[in-house]
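1. what would the 3D arrangement of this be:
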Amino acid sequence: MENFIAYNPTTLHFGKNVLTMLGSTLKEYGNRVLLVYGKGSVKKSGLYDMIMGVLKTQGFEICEYGGIKPNPVIEDVDAAAAIGRQHNVNVILAVGGGSVIDSVKIISVTIPVNHGGWEFFGGEAKPVTAIPFIAIPTLAATGSEMNPFAVVSNHAQGQKSAFGSPLTFPKHSFLDPALTLTVPKNHTAYGIADLIAHCFEAWFGVGESTLTDRFVISIIREAMDYGPKLLGDLHNYEYRERIMFSATMALNGMTMYGRSTGDWGVHSAGHCLSLLYDVPHGASLTIVFPAWMRHFKGQIGNRIAQLGSSLFDEPLTADESIDRIEAFFKSLGCPTRLSDMNIPGDLYQPIFESMIHSKVNGGNMKMKEEDYEKLIRLYL
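-> Reported below is the predicted structural model:
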């Protein structure tokens, strides 16, 4: 095992009707709230009206920024930060999927400074303070509600990058699985794939930790058991509950205990697909992961076989494991080739150039340009 520090300061409120404690929790941090949300689903579902009712009834001063994109962009981060700065907010409320929560993490450290949020991504600036924020996720996928990491796109620079700091953990996250009941089938499937991919990234990281491996396998198996059931019964609260809990546990730190790093090369490559073609994040991972495993099986074949054998309860080779994992992704309705997304035109060259520009790499399995070339051809 590698040495590690276990740290997670987020208070998680999980279950039915947990939002009854929202007002009193917000008041711990102040009275001037910046409400940030996505492109309209929170209003269609009635959640926006409910939250605004709580805030107005309890006397909060409210400003808001709506319209965060599913693949969030730095322009929205900076625009929302400017509103928060103008109104001197002392707490932020993030309502939506991982894109909203990720955006708010960067908004929280951008409000106190006089520069844009992208400077944190490039290392030109380091946050020294942050506006506290509370998250209400409406999608089970990214685990952003209990970790400090954020991924945002900068199309002007042709990059989609990640950032994290101890300052960007949510103070509280309210997870009511009922809030995910309106998520459509395709995005429910992408969320299931996303949480599994997070576990895969940990599994292929650096460091041997048998107990942590058991955590990883248990989370994936929970998703594999209840994911298909949920896709066949989208309004089943129990299934939503199981998947939401799994998504949070997949990326709150516990799958990394005893490892010095995860790999994250698949996420790095997948970000290029989202940046170029607006491929949903979870879909980009189901496209890249089988190809990535095939490309690196000569180096990590035993680890791939161990993963497959553990997930499917029978001895499997690396090739058999990859085939079974790919088949499971297909059974969810997720793409496993970029051609499944019906994107027109030449794809190889733009992706190759984006991977070079973004310096796509993994924490364990290092990649060079020749790896990019082979990987792309495996998933086109």
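
2. what about the closest residue to P290 other than its chain neighbours, how many residues nearby?
-> Ranked by CB to CB, 6 or more residues apart in numbering and with sequence neighbours excluded, the top spatial neighbour of P290 is E326, at 4.2 Å. Glycine gets a C-beta too; all of them are placed from N, C-alpha and C. For E326, the tally of surrounding residues (other CB atoms under 10 Å) stands at 19.

3. one more: I356?
-> Neighbours of I356 under the rule other CB under 10 Å: 12.

4. and G362, what does it touch?
-> G362 is in contact with F204, D263, W264, G265, V266, S268, counting by CB atoms under 8 Å, 6 or more residues apart in numbering.

5. could you check the distance from the fourth one over to I219?
-> I take that to be G265. Counting by CB to CB, to the nearest Å, the gap from G265 to I219 is 20 Å.

6. okay, the helix or strand of the chain with the lowest mean pLDDT in CSV with CA atoms only?
-> The least trusted helix or strand in the chain, going by mean pLDDT, DSSP states H and E, turns out to be helix 41-44, with a mean of 92. This file holds the C-alpha atoms of helix 41-44, laid out as CSV (Å, rounded to 0.1, in the frame of the first residue of the first chain):
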residue,chain,number,x,y,z
SER,A,41,-34.8,21.1,-15.9
VAL,A,42,-34.9,22.4,-12.3
LYS,A,43,-37.7,24.8,-13.3
LYS,A,44,-39.6,22.1,-15.2
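
7. how about it, which residues are buried there?
-> Across helix 41-44, burial judged by 16 or more other CB atoms under 10 Å covers S41, V42.

8. what's the first helix or strand after that helix?
-> helix 47-57 (DSSP states H and E).

9. now that next one: mean pLDDT?
-> Per-residue pLDDT values across helix 47-57 average out to 96.

10. give me the low-pLDDT residue ranges for the stretch 101-250 of the chain?
-> The stretch 101-250 of the chain contains no residues with pLDDT under 70.

11. which parts of it are helices?
-> 118-122, 185-203, 210-231, 237-250 (DSSP state H, counting those that start in this stretch).

12. show me what the longest one is packed against.
-> Spelled out, that is helix 210-231. Packing partners of helix 210-231 (3 or more CB pairs under 8 Å, 6 or more residues apart in numbering; DSSP states H and E): helix 185-203, helix 237-250, helix 281-312.

13. N364 contacts G207, doesn't it?
-> No - using CB atoms under 8 Å as the test, N364 is too far from G207 to be in contact (9.2 Å).

14. helix, strand, or coil at N71?
-> With DSSP: H, G, I helix; E, B strand; the rest coil as the basis, N71 sits in coil.

15. coming back round to it: out of the contacts of G362, name the ones that lie in helices.
-> Those of these mapping onto helices are G265, V266, S268, per DSSP state H.

16. contacting residues around the most centrally placed residue in the chain?
-> Nearest to the mean C-alpha position of the chain, by CA atoms, centre = their mean, lies T142 at 2.7 Å. T142 makes contact with G97, G98, I101, D102, G191, D194, A247, L251, H281, according to CB under 8 Å, 6+ apart.

17. please list only the buried members of these.
-> Buried among the contacts of T142 (16+ other CB under 10 Å): G97, G98, I101, D102, G191, D194, A247, L251, H281.

18. can I get these in CSV with distance to Y65?
-> Shown next, in CSV, are the buried ones among the contacts of T142 (distance: CB to CB, whole Å):
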residue, distance to Y65
G97, 15
G98, 17
I101, 14
D102, 14
G191, 24
D194, 24
A247, 25
L251, 25
H281, 21
